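> Any chance you can model this:
(chains A and B)
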Protein chains: 2
Amino acid sequence: MTELDLTLDLTSDVAELTRALCDVESVSGAEGPLADAVEAALRRLGHLQVVRDGDAVVARTALGRPERVVLAGHLDTVPVAGNLPARFEGDLLVGRGTADMKGGVAVQLKVAAALAAPSRDVTYVFYDGEEVDAARNGLGRLARMHPAWLEADLAVLLEPTAAGIEGGCNGTLRAEVVTRGLAAHSARWWRGRNAVHEAGRVLARLQAYQPREVEVEGLVYREGLNAVGISGGIAGNVIPDTCTVSVNYRFAPDKTLAAAGEHVREVFDGYEVTIVDGADGARPGLDRPAAAAFVAALGAEPTAKYGWTDVARFSALGVPAVNFGPGDPSVAHADDEHVPVAQLHACERAFLTWLG
Amino acid sequence: MTELDLTLDLTSDVAELTRALCDVESVSGAEGPLADAVEAALRRLGHLQVVRDGDAVVARTALGRPERVVLAGHLDTVPVAGNLPARFEGDLLVGRGTADMKGGVAVQLKVAAALAAPSRDVTYVFYDGEEVDAARNGLGRLARMHPAWLEADLAVLLEPTAAGIEGGCNGTLRAEVVTRGLAAHSARWWRGRNAVHEAGRVLARLQAYQPREVEVEGLVYREGLNAVGISGGIAGNVIPDTCTVSVNYRFAPDKTLAAAGEHVREVFDGYEVTIVDGADGARPGLDRPAAAAFVAALGAEPTAKYGWTDVARFSALGVPAVNFGPGDPSVAHADDEHVPVAQLHACERAFLTWLG
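As a prediction, this is how the structure comes out:
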């Protein structure tokens, strides 16, 4: 690839721009060349203040508007699976990153180029490290190092939502539930107490569990409590004295992480419960004026986001946030990842209507 | 340790001889020096034919008696745990190998030395590699390479039974029971099917299982079917699509390994069942004349052996076999392993009565 290939043409069609972005490979940890190209394209526009931290690029208008909104997207992808270069197939653009989420990044860049004087001040955030450990998340780094860069009345994260508005997100918590028994040789099993058999009672509680559906600010969040792992036993002739069931609780954003932990302890009352990790959800914030205006401009009915996403990082900074972007989230990370070209155009049009 | 220390004095008291045997460390794989000492001591007796294969030593009388019996014991121990040299504490001899099973080996050697013309021909078998993988078992090697060396009307294995006769042994079988589901992101768990939750139903069958107690040739064998391991799950945010429950079935010697496998498949009907490994049990053979004479000579009431032992190797060669030796099997492998001195004397006396 020559230097010339890395020059992004922001006047090209959003689908063509998406293709060009996909063809600059940017698997997590190797976002540098794409971040360079994005930074250069934004600087060429002339009407934006551009700053950078590592491979995160932030560009903003400074027009003194009474409201400011953030449009955010990540530059990295999961590893390529023989699905590059991207290619058009009928109404689809197919290839790694088309849905998650260079289609969204292309929309951000098109809006940034088109609106020199948007109706609200806009901050465009492009960041690295979303597809890997939370510790490497570029948006998290910006929130720690440069929180002022992210200040806004509303944030829109352009993760794939099939061009529908998805508000907030469920929280997530992982816990380990441990059963204890007494080891014994399996030839004299009656001298022991089988911790794996006991874990059957833990699994029975999970099977019987009735998850809530919770309405928060008009959106319905579906909760879930599931085993995501189990392990026990040390040898083929020993009655296990310990069994660990790993559970994942997805909880609606009306509940704090601490309250979620209490709930899990109640469900598994009588067993050892250790909270391993977790993250608060995000309320949809659709009662805020900037969010209401966004919903009104799109004329779309918002729905709840189930998966935990980086909207929660904005929520933690006091910035209500919604997900809205091109592509079906269920094909993200899939080998046949793709985005409908019509959704790219629909998303671009929505932002131009709202902010034009 | 000098060469002199490795000379075994078969005229010493059986407890003193046990202590001397223990102080020649012989953790599995390092039985050589002890096998050398045992071989040399047997050859010095003059009334035995002595052969050797690796670190297994076999000595036999050849008096043309109508019956032949085997007295067998293994030379190796599990690793030493700061419990050597062996020492006397009150009525006990304490240290690695005292119970499992150099006390038994000492009894073999005392009987071999005392009876130049026993009432039945006797084959004394000392072998290596009992405490490790079945593939390294010295008795198994003799059975494959020199089956004629093991021919007899009855075998007595001097593993610890607290000087009681334990007949035959249960068989053992290990199987894996696999549940299948459908993977999904745990944020949208309802799109998947949780294989770990399903494994709860497998564990419920184990909890409800009623093991048999089976009488075989007058002895009652207690069966057992237990989970010895469980594993499932690949990540904290994925609904598991597979869960594997490892089960161990201990079955009475009225049942073949094949029949045991069928039974396990029936118990877990509806799930994938793979038989991983197994070994037939051994019938006690107490209806054979040589065994009946042994029981009569001891005046003891035989009981069933639960753990699988090398008696099954004799059983597979058509030689009925019982366990009878000094020491409590529950302290075998324990750091405080020990043998009551009185049991050493009782076992020695029993063999001299039976074979004198």
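
> Return the residues of the stretch 251-356 of chain A in contact with chain B.
When proximity is defined as CB under 8 Å from any CB of the partner chain, the stretch 251-356 of chain A approaches chain B at A:Val276, A:Asp277, A:Tyr306, A:Gly307, A:Trp308. Every residue, glycine included, has its C-beta placed from N, CA and C.

> List just the nearest of those residues to chain B.
A:Gly307 (3.8 Å; CB to the nearest CB).

> Now do the strands in the stretch 201-350 of chain A.
Assigned by DSSP state E, counting those that start in this stretch, the stretch 201-350 of chain A shows strands spanning A:213-216, A:219-222, A:224-232, A:238-239, A:242-251, A:272-279, A:303-304, A:321-323, A:338-340.

> Same check on the stretch 51-200 of chain A?
In the stretch 51-200 of chain A, the segments counted as strands under DSSP E, counting those that start in this stretch are A:56-60, A:68-74, A:87-89, A:92-94, A:121-127, A:154-157, A:166-167, A:171-180, A:184-185.

> Let me know which of those strands is the nearest to B:Leu219.
The minimum distance between B:Leu219 and the strands of the stretch 51-200 of chain A falls on strand A:184-185, with 19.2 Å, by CB to CB.

> Out of the strands of the stretch 51-200 of chain A, which is closest to chain B?
Per CB to the nearest CB, nearest to chain B of the strands of the stretch 51-200 of chain A: strand A:171-180, 5.0 Å.

> Just checking: what are the partner strands of that closest one?
Paired neighbours of strand A:171-180 in the sheet (DSSP bridges): strand A:242-251 (antiparallel), strand A:272-279 (antiparallel).

> most tightly surrounded among those?
Among the strands paired with strand A:171-180, ranked by average contacts under mean count of other CB atoms under 10 Å in any protein chain shown, first place goes to strand A:242-251 (a mean of 24).

> Report the distance from it to the chain centre.
Distance of strand A:242-251 from the chain centroid (CA atoms, centre = their mean, to the nearest Å) equals 22 Å.

> So what angle separates the directions of that strand and strand B:224-232?
On the basis of axes from the mean of the first three to the mean of the last three CA atoms, to 10 degrees, strand A:242-251 is oriented at 40 degrees to strand B:224-232.

> Alpha carbons of strand A:242-251, as PDB, please.
What follows is strand A:242-251, C-alpha atoms only, in PDB (Å, rounded to 0.1, in the frame of the first residue of the first chain):
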ATOM      1  CA  THR A 242     -15.200 -27.700  45.300                       C
ATOM      2  CA  CYS A 243     -17.200 -26.700  42.300                       C
ATOM      3  CA  THR A 244     -17.300 -23.100  40.900                       C
ATOM      4  CA  VAL A 245     -20.200 -21.800  38.800                       C
ATOM      5  CA  SER A 246     -19.500 -18.600  37.000                       C
ATOM      6  CA  VAL A 247     -22.600 -16.500  36.400                       C
ATOM      7  CA  ASN A 248     -23.200 -13.400  34.400                       C
ATOM      8  CA  TYR A 249     -26.000 -11.100  35.400                       C
ATOM      9  CA  ARG A 250     -27.300  -8.500  32.900                       C
ATOM     10  CA  PHE A 251     -29.300  -5.900  34.800                       C
END
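
> got the buried residues for stretch A:333-348?
For stretch A:333-348, a neighbour-count test (16 or more other CB atoms under 10 Å in any protein chain shown) marks A:His333, A:Glu337, A:His338, A:Val339, A:Pro340, A:Val341, A:Gln343, A:Leu344, A:His345, A:Ala346, A:Cys347, A:Glu348 as buried.

> neighbouring contacts of it?
For stretch A:333-348, the surrounding residues in contact (CB atoms under 8 Å, 6 or more residues apart in numbering or on different chains) are A:14-15, A:18, A:78, A:81-83, A:88-89, A:91-100, A:103-104, A:106-107, A:110-111, A:158, A:160, A:162-163, A:324-328, A:331.

> which intervals of chain A have sub-threshold pLDDT?
Within chain A, the segments meeting pLDDT under 70 span A:1-5.

> Need the residue closest to the centroid of chain A.
The residue lying closest to the centre of chain A (CA atoms, centre = their mean) is A:Thr309, at 2.8 Å.

> shouldn't that one be in contact with A:Glu159?
Yes. With contacts defined as CB atoms under 8 Å, A:Thr309 counts as touching A:Glu159 at a distance of 5.7 Å.

> list residues touching both of those two?
Joint contacts of A:Thr309 and A:Glu159 (CB under 8 Å, 6+ apart) are A:Asn323.

> quick revisit: mind putting the strands of the stretch 201-350 of chain A in a markdown table, distance to B:Arg212 included?
Listed next are those as a markdown table, based on distance: least, CB to CB, whole Å:
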| stretch | distance to B:Arg212 |
| --- | --- |
| strand A:213-216 | 48 |
| strand A:219-222 | 47 |
| strand A:224-232 | 26 |
| strand A:238-239 | 18 |
| strand A:242-251 | 26 |
| strand A:272-279 | 34 |
| strand A:303-304 | 54 |
| strand A:321-323 | 59 |
| strand A:338-340 | 59 |
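
> For A:Ala148, find the nearest of those.
Using CB to CB, the nearest of the strands of the stretch 201-350 of chain A to A:Ala148 is strand A:321-323, at 17.0 Å.

> who's in contact with the closest one?
With CB under 8 Å, 6+ apart, strand A:321-323 has contacts from A:70, A:154-159, A:161, A:165-169, A:282, A:284-286, A:291, A:294, A:302, A:305, A:309, A:311-312, A:314-315.

> Excluding sequence neighbours, find me the nearest residue to the residue of chain A positioned farthest from its centre.
Residue farthest from the centre of chain A, counting by CA atoms, centre = their mean, is A:Arg188 at 51.2 Å. Among residues not flanking A:Arg188 along the chain, B:Tyr306 sits closest, at 5.6 Å (CB to CB, 6 or more residues apart in numbering or on different chains).

> Just list the residues touching that neighbour, thanks.
Neighbouring residues of B:Tyr306 by CB under 8 Å, 6+ apart: A:Ala187, A:Arg188, B:Cys169, B:Asn170, B:Tyr221, B:Arg222, B:Arg250.

> cool, A:Val276 as well?
A:Arg174, A:Ala175, A:Glu176, A:Ser246, B:Gly236.

> Please produce JSON lines containing the residues you listed, extended by distance to B:Asn226.
Listed next are the contacts of A:Val276 as JSON lines, based on distance: CB to CB, whole Å:
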{"residue": "A:Arg174", "distance to B:Asn226": "29"}
{"residue": "A:Ala175", "distance to B:Asn226": "27"}
{"residue": "A:Glu176", "distance to B:Asn226": "23"}
{"residue": "A:Ser246", "distance to B:Asn226": "23"}
{"residue": "B:Gly236", "distance to B:Asn226": "29"}
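
> Is A:Trp98 in contact with A:Thr18, as I believe?
If you look again at residue A:98, you'll see it is Thr, not Trp. Yes. The criterion here is CB under 8 Å, and A:Thr98 meets it with A:Thr18 at 6.4 Å.

> Residues in contact with both of the two, list them for me.
A:Ala86, A:Val339.

> and stretch A:266-276, how far from the chain's centre?
Worked out by CA atoms, centre = their mean, stretch A:266-276 lies 28 Å from the chain centre.

> Endpoints of it, how far apart?
Chord length of stretch A:266-276, first to last residue, is 16 Å (CA to CA, to the nearest Å).

> Check stretch A:158-177 too.
Chord length of stretch A:158-177, first to last residue, is 36 Å (CA to CA).

> Excluding residues flanking it in the chain, which one is nearest the residue in the stretch 51-200 of chain A positioned nearest to chain B?
Residue of the stretch 51-200 of chain A nearest chain B, by CB to the nearest CB: A:Gly200 (2.9 Å). Nearest in space to A:Gly200, with sequence neighbours left out and distances taken as CB to CB, 6+ apart, is B:Leu203 at 2.9 Å.

> Contact partners for the one you found?
A:Val196, A:His197, A:Ala199, A:Gly200, A:Leu203, B:Ala227, B:Ile230, B:Val245.

> What's the local residue count around the fourth one?
By the other CB atoms under 10 Å in any protein chain shown criterion, the neighbourhood of A:Gly200 contains 24 residues.

> Brilliant, that's me finished.
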